[in-house]
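1. no sequence for this one, just the structure:
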């Protein structure tokens, strides 16, 4: 299973490296979303922070949520892309014919998406710090949040991407299916990031735990169900 | 090729439908006439008799049936359970939409707003979209078996998603009342309590009635598809048997 996963992940990443859809389209899209939020939310308006005597710009205060929204929207593109690659020439059927373990295909595709998401999060994250200018509090909590959220989005994304695989309607179906599922992930990632930036760290760790549990659930769901999902895709 | 079922009505649906009708009539009588208005909410409390039952029937009974049907379908490939799962989800989404609308109408006079970011409301709205997604997958243009298998996997995951969403929003905020009805400390007027239970029974009966009709409709569609396939196969066979190599 793990050898299969490795092969699939390397294949997906090679396809990505050759086509450069991530760097040429998904990353710019993520940055664009960051800028557009600045147009939607007045950048020079200030609010009183929850801690009391500090005042921040609205954008700075809601930066964690905007960052994760930008990541989620961009992740939708990456997930769709991950299955668009497979639906050409009945590629998924071919993979099964070769004898790849469905669980291996799931893990491999999830790993490839996770790598791309990390790249996306680093770039969009630096962008968010530059554009919205929040403080950086607890780096360890921030890294843990990003890691747990990446896994949660990757596992759930690949399960739901497979549901829409081989479909004309995939582009509209996957967001409809995936976004409500990721709503708790957005909630948890935003709360944890808020604690990492503005403190206190202690209120962020339970959310990281929640994200970890969510990832494990979808890891299990993907390994068990991928065989059924790929059938006659 | 004859289809055996010609309508969605049967003895069973007529009996259940009559029960639902009688219960709904009784609910109207008790909910609107015989039970008193509440002290602080006034007549708005009457929405409670339909709002809570429709949410309960949808989230617990309908989506529960979808979960059970999906599990059984994945185990033995029974078309019956696949169609039951789909029919229950469809009626469940209808009931949940009804619960959301009545909830907003109820929230306006009692809380002064149609919407609050309360855990139950927020998670219900997301569950509504989750199951709309399930229904969208059921309508995908795929091979019927592949479609049913995907729908079954989604039906199972969606049920647990409802729990995850609920849990996450719950820790996020906790504003209004906990459990809707705790028999130990209810201070409701007896006729109000009776109206509520009447509402539960009426909603369950209506759900059962709609489920039966929706299932039978799905079953007829399934038979039609099979018949068409059988006709096509028979036609090809007919061509093969009349084929005469000497004419080439």
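-> Right, received. Where do you want to start? Just so we're clear, the structure is a prediction, and the values are computed from it rather than from any experiment. Numbering: from 1, shown residues only, chains lettered A, B, ... in the order given.
2. assign the residue nearest to residue B:203 when sequence neighbours are not counted to helix, strand or coil.
-> Leaving aside its chain neighbours, residue B:203 sits nearest to residue B:53 (3.9 Å; criterion: Cβ to Cβ, 6 or more residues apart in numbering or on different chains). To be clear about C-beta, it is placed using only N, CA and C from the backbone, and glycine gets the same treatment. Reducing the assignment at residue B:53 to three states with DSSP: H, G, I helix; E, B strand; the rest coil gives helix.
3. surely residue B:53 meets residue B:205?
-> No. With contact defined as Cβ atoms under 8 Å, residue B:53 does not count as touching residue B:205 (10.7 Å).
4. ok, those two, which is more surrounded?
-> residue B:53 (26 against 20; other Cβ atoms under 10 Å in any protein chain shown).
5. ok, that one - contacts?
-> Listed by Cβ atoms under 8 Å, 6 or more residues apart in numbering or on different chains, the contact set of residue B:53 reads B:196, B:199, B:200, B:202, B:203, B:204.
6. try it again at 6 Å.
-> Residue B:53 makes contact with B:199, B:200, B:203, according to Cβ atoms under 6 Å, 6 or more residues apart in numbering or on different chains.
7. got it, and residue B:30?
-> For residue B:30, counting by Cβ under 6 Å, 6+ apart, the contacting residues are B:195, B:198.
8. pop out the phi and psi values for it.
-> phi -70, psi -40 (degrees, to the nearest 10).
9. that one and chain A, how far apart?
-> Separation of residue B:30 from chain A (Cβ to the nearest Cβ, to the nearest Å): 37 Å.
10. chain A contacts on chain B?
-> Residues of chain B lying near chain A by Cβ under 6 Å from any Cβ of the partner chain: B:126, B:129-130, B:133, B:140, B:143, B:146, B:149-150, B:153-154, B:157, B:161, B:164-165, B:168, B:172.
11. if you set the cut-off to 8 Å instead, what comes out?
-> Taking Cβ under 8 Å from any Cβ of the partner chain as the measure of proximity, chain B contacts chain A at B:74, B:126-127, B:129-130, B:132-133, B:136-137, B:140-143, B:145-146, B:149-150, B:152-154, B:157, B:160-161, B:164-165, B:167-169, B:171-172.
12. among the residues you listed, which ones are buried?
-> When the residues of chain B next to chain A are checked for burial by 16 or more other Cβ atoms under 10 Å in any protein chain shown, the buried set is B:74, B:126-127, B:129-130, B:132-133, B:136-137, B:140, B:142, B:146, B:149-150, B:152-154, B:157, B:161, B:164-165, B:168-169, B:172.
13. end to end on stretch A:13-33, go ahead and measure it.
-> 24 Å (Cα to Cα, to the nearest Å).
14. that older thread, just the ones of the contacts of residue B:53 in helices?
-> Residues from the contacts of residue B:53 lying in helices, with DSSP state H as the criterion: B:199, B:200, B:203.
15. where does pLDDT dip in chain A?
-> A:50-53, A:166, A:232-233 (pLDDT under 70).
16. show me where it has strands.
-> With strands called from DSSP state E, chain A shows them at A:46-48, A:55-57.
17. single out the most deeply packed of these.
-> strand A:55-57 (a mean of 16; mean count of other Cβ atoms under 10 Å in any protein chain shown).
18. does anything pack onto that one? Which helices or strands?
-> For strand A:55-57, the elements it packs on are strand A:46-48, judged by 3 or more Cβ pairs under 8 Å, 6 or more residues apart in numbering or on different chains; DSSP states H and E.
19. run me through the strand neighbours of the strand it packs on, direction for each.
-> In the sheet containing strand A:46-48, the strands it pairs with under DSSP bridges are strand A:55-57 (antiparallel).
20. ok now the partner strand, how far from the chain's centre?
-> Strand A:55-57 sits 28 Å away from the centroid of its parent chain (Cα atoms, centre = their mean, to the nearest Å).
21. contact partners of that strand?
-> Residues contacting strand A:55-57 (Cβ under 8 Å, 6+ apart): A:43, A:44, A:45, A:46, A:47, A:48, A:49, A:132, A:133, A:134.
22. what residues sit buried inside the top helix by length along chain A?
-> In chain A, with assignment by DSSP H, the single longest helix is helix A:102-132. Of the residues in helix A:102-132, those with enough neighbours to count as buried (16+ other Cβ under 10 Å) are A:102-117, A:119-121, A:123-125, A:127-128, A:131-132.
23. and that helix, what does it pack against?
-> helix A:2-19, helix A:27-40, helix A:58-61, helix A:63-87, helix A:139-163, helix A:205-230.
24. report the buried residues of the shortest one.
-> Of the residues in helix A:58-61, those buried by neighbour count under the rule 16+ other Cβ under 10 Å are A:59, A:60, A:61.
25. kindly report the same for the fifth one.
-> Along helix A:139-163, the positions that meet the burial threshold by neighbour count (16+ other Cβ under 10 Å) are A:141-142, A:144-163.
26. can you narrow those to ones near chain B?
-> Among the buried residues of helix A:139-163, chain B is touched by A:159, A:163 when using Cβ under 8 Å from any Cβ.
27. before we move on, back to that, switch the strands of chain A over to CSV; also include distance to residue B:190.
-> Output for these, formatted as CSV (distance: least, Cβ to Cβ, whole Å):
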stretch, distance to residue B:190
strand A:46-48, 49
strand A:55-57, 54
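28. that's all I had, so thanks and see you.
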